[in-house]
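>>> take a look and give me a structure for this.
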Amino acid sequence: MERRVEGDVDLLELEGVLAPYALELRPRLVAQMAAGLSVEGHSAHEWHSRRVEHLELIVFGLLVGTAALAVLANVVGVPYPITLVLGGVAIGLIPGMPSVELDPDIVLLIFLPPLLYGAAFFTSLRDLRAKARPIALLSIGVVFVTMFAVAAVAHAVIGLGWAESFVLGAIVSPTDAVAPAEIMRRLGAPRRLLTVVEGENLTNDWTALALYSVAVAAVVTGTFSLGEASVRFVLSGVGGLAVGLAAGVLIRFVRSRIDDPPTEITISLLSGYVGYLPAEELGFSGVIAAVTTGVYMGWHTPQLTTAVMRLQGVSVWEILTFLLNAVLFLLVGLQLPGVLDAVDGYSAAQLVGWGALVSAVVVGVRLAWQFTVPYLVRALDRRPSQVARRGSARERLVIGWAGMRGSVSLAAALAMPLTTDAGSTFPYRNLIILLALAVILVTLVGQGLTLGPLIHRLGIRDDGEEEREEVLARLRLSEAAIERLEEIAGEDWTRDDTIDRVRGMYDYRRRRFGAQSDGDGAAYEERTGAYLRLMYELFDAQRERLLELRNRREISDEVRRKVERDLDLEESRLAP
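Below you'll find the predicted structure:
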């Protein structure tokens, strides 16, 4: 019995793959393989090198493409997720480019936990509480309604089965966890709107993925139980919340006993996984667990860390968040060519029309919700505390238009099983993936490009609440410092001249921020601007002299970096 070996050959895999058939192989074939030759005439080393070259090409292309497209976004003045997605599509369509297939498990595992944890960590718990009702309505109500609306249209117009239609509806129902908030933040949207969008994005994945698992199970098994689905939905959220809190308590306990910035930063980067992975293994919502852990640690971390840790940690998180977002959006765009190749039997006009139809339903349902349900809620709840929190119609329009789809929808689409329990192919799998990707492109690119002009046209501007709170905080801090100075002024270890100098600095800050809070800080700002200009001139002179010492080899680069870091920290504290 002869066996022919095709494809890539690796000497390290040879023993495990071919050992069971060694007695059946012809002696010459065995000799060729032992010598590093495949049956096609290529050595194992050549095949391995080719695979490595493809991997290097992909990694190099991702890094270069990410940097180039991010720079392009700044040049043309559009949010970088848009240029990255469109750039990914363009790169994928270049002839000869290697196919990039996105493993959904890898997407969820690598990208989702740190992005969710980071977003939750830097989110204001106070603002989330204040906006709990609109966030809940969007993250639960809109997801349900969107799924049913898309399922009805997919069944009636496209011809999908009911179960497959609900799978498509669940896939496109959640907004992206990253893109909408990132785009709104770069556009300078008011914080009150950003809080609602961020809160929705952090929690609606739980609703959508729970519904998705039920719909997929209905396709695979051919059965559906409303009672079982309802219980699973509730348990996944409650269980994810419990696991996330437990993970937060554990991380807090560990970090309270560590005072080493590199170790603390490493723990911080892994904290999302500490909540996400156990929850997923237990059958709960990893999304809710990661978000809960992030909110919990965001509240308690200021009591656990030092100034050096906070400076380094924030910088690391800013870089990591950008890289993860950038690579993820680029990978989303790279999926389109492969998906198009997998869809056959439909005309281009049909695919374009169906993609536009599903996208229109997704956008239309969200806008319709924004201009119907809030009015019903207002009619039922007329408490003065709720009336004060109500947003205007213009703000609801902006939030409705910010419902962009992204990586979670794509990962869910790619995660669909290949076959059912009966052994047949998962119905309409490739078509569902293509329609999901069409919704992602339409909402992310179309709404992303028009969200900024919409905000500008509606005249929505920040109300300055955050700036007022910042001035108040700095005023109270200056007062606290002066109070403490008066308490310790008579201590043996203090000097009168030092106390006077420091008291003068904080007294000036108190007067400056007090004037700002009263709306009469112009004179202080002019004086402060002159002082800052003077100090920046001095810092520039010190840096120039530092480089001269380095260039004359009077000091080492290590000494230069240490001194330069102190200058940077001293300059950074001038900003207030």
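>>> in stretch 505-522, what's buried?
By 16 or more other CB atoms under 10 Å, the buried positions in stretch 505-522 come out as Tyr506, Arg509, Arg510, Arg512, Phe513, Gly514, Ala515, Gln516, Gly521. C-beta coordinates here come from the backbone N, C-alpha and C atoms, glycine included.
>>> test my guess that the first one contacts Glu483.
It stands for Tyr506. No. Between Tyr506 and Glu483 there is no contact under CB atoms under 8 Å: 9.8 Å.
>>> mind checking how far the helix or strand Val150 falls within is from the chain centre?
Val150 is part of helix 143-153 when elements are defined by DSSP states H and E. Offset of helix 143-153 from its chain centre (CA atoms, centre = their mean, to the nearest Å): 25 Å.
>>> can you tell me the SS state at Ile555?
Three-state call for Ile555 (DSSP: H, G, I helix; E, B strand; the rest coil): coil.
>>> contacting residues for it?
Leu546, Leu549, Val563 (CB atoms under 8 Å, 6 or more residues apart in numbering).
>>> from these, pick the one nearest Phe148.
Val563 (63.7 Å; CB to CB).
>>> mind checking pLDDT for that closest one?
Val563 is assigned a predicted lDDT (pLDDT) of 89.
>>> and if you look at Glu40?
With respect to pLDDT, Glu40 scores 43.
>>> before we move on, what about Gly272?
93.
>>> was I right to think it contacts Thr292?
No. Judged on CB under 8 Å, Gly272 makes no contact with Thr292 at a distance of 10.6 Å.
>>> sorry, back to before: which of the contacts of Ile555 lies closest to Trp317?
Nearest to Trp317 out of the contacts of Ile555 is Val563 (CB to CB; 26.3 Å).
>>> CSV please, covering the contacts of Ile555 and showing neighbour count and secondary structure.
As requested, the contacts of Ile555 are exported to CSV (neighbours: other CB atoms under 10 Å; DSSP: H, G, I helix; E, B strand; the rest coil):
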residue, neighbour count, secondary structure
Leu546, 17, helix
Leu549, 14, helix
Val563, 16, helix
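>>> tell me the one of these nearest Leu320?
Val563 (27.8 Å).
>>> next SSE downstream of the longest helix belonging to the chain?
Determined from DSSP state H, the single longest helix within the chain is helix 307-342. Note on helix 307-342: by DSSP H and E, the next helix or strand toward the C-terminus is helix 348-370.
>>> tell me how far the helix or strand following that following helix is from the chain's mean position?
For helix 348-370, the following helix or strand on the C-terminal side (DSSP H and E) is helix 373-380. Relative to the mean C-alpha coordinate of its chain, helix 373-380 is positioned 32 Å out (CA atoms, centre = their mean).
>>> just the C-alphas of helix 373-380, formatted as PDB.
C-alpha atoms of helix 373-380 as PDB (Å, rounded to 0.1, in the frame of the first residue of the first chain):
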ATOM      1  CA  VAL A 373     -38.700  54.200  23.600                       C
ATOM      2  CA  PRO A 374     -37.200  57.200  25.400                       C
ATOM      3  CA  TYR A 375     -40.600  59.000  25.100                       C
ATOM      4  CA  LEU A 376     -42.400  56.000  26.500                       C
ATOM      5  CA  VAL A 377     -40.000  55.900  29.400                       C
ATOM      6  CA  ARG A 378     -40.400  59.600  30.000                       C
ATOM      7  CA  ALA A 379     -44.200  59.200  30.100                       C
ATOM      8  CA  LEU A 380     -43.900  56.500  32.800                       C
END
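>>> what angle do it and helix 143-153 make?
130 degrees (axes from the mean of the first three to the mean of the last three CA atoms, to 10 degrees).
>>> buried ones in helix 373-380, by neighbour count?
Val373, Pro374.
>>> cool, and stretch 354-371?
Here stretch 354-371 shows Trp354, Gly355, Leu357, Val358, Ser359, Val361, Val362, Val363, Val365, Arg366, Trp369, Gln370 as buried, counting by 16+ other CB under 10 Å.
>>> need the contact list for the closest residue to the fourth one other than its chain neighbours.
To tie it back to what came earlier, the one meant is Val358. Spatial nearest neighbour of Val358, excluding adjacent residues (CB to CB, 6 or more residues apart in numbering): Leu435 at 5.2 Å. When contacts are counted by CB under 8 Å, 6+ apart, Leu435 touches Ala154, Ile158, Leu168, Val172, Trp354, Gly355, Val358.
>>> quick check: which element contains Leu435?
Secondary structure (DSSP H and E) places Leu435 in helix 429-441.
>>> for that helix, the distance to its chain's centre please.
On CA atoms, centre = their mean, the centre of helix 429-441 falls 21 Å from that of its chain.
>>> same thing with stretch 431-442?
In terms of CA atoms, centre = their mean, the centre of stretch 431-442 is set 20 Å apart from its chain centre.
>>> repeat for stretch 179-188
Put simply, stretch 179-188 sits 12 Å off its chain's centre (CA atoms, centre = their mean).
>>> which residues of the stretch 51-200 of the chain fall in helices?
80-92, 104-106, 112-121, 125-130, 132-136, 143-153, 162-172, 179-187, 191-221 (DSSP state H, counting those that start in this stretch).
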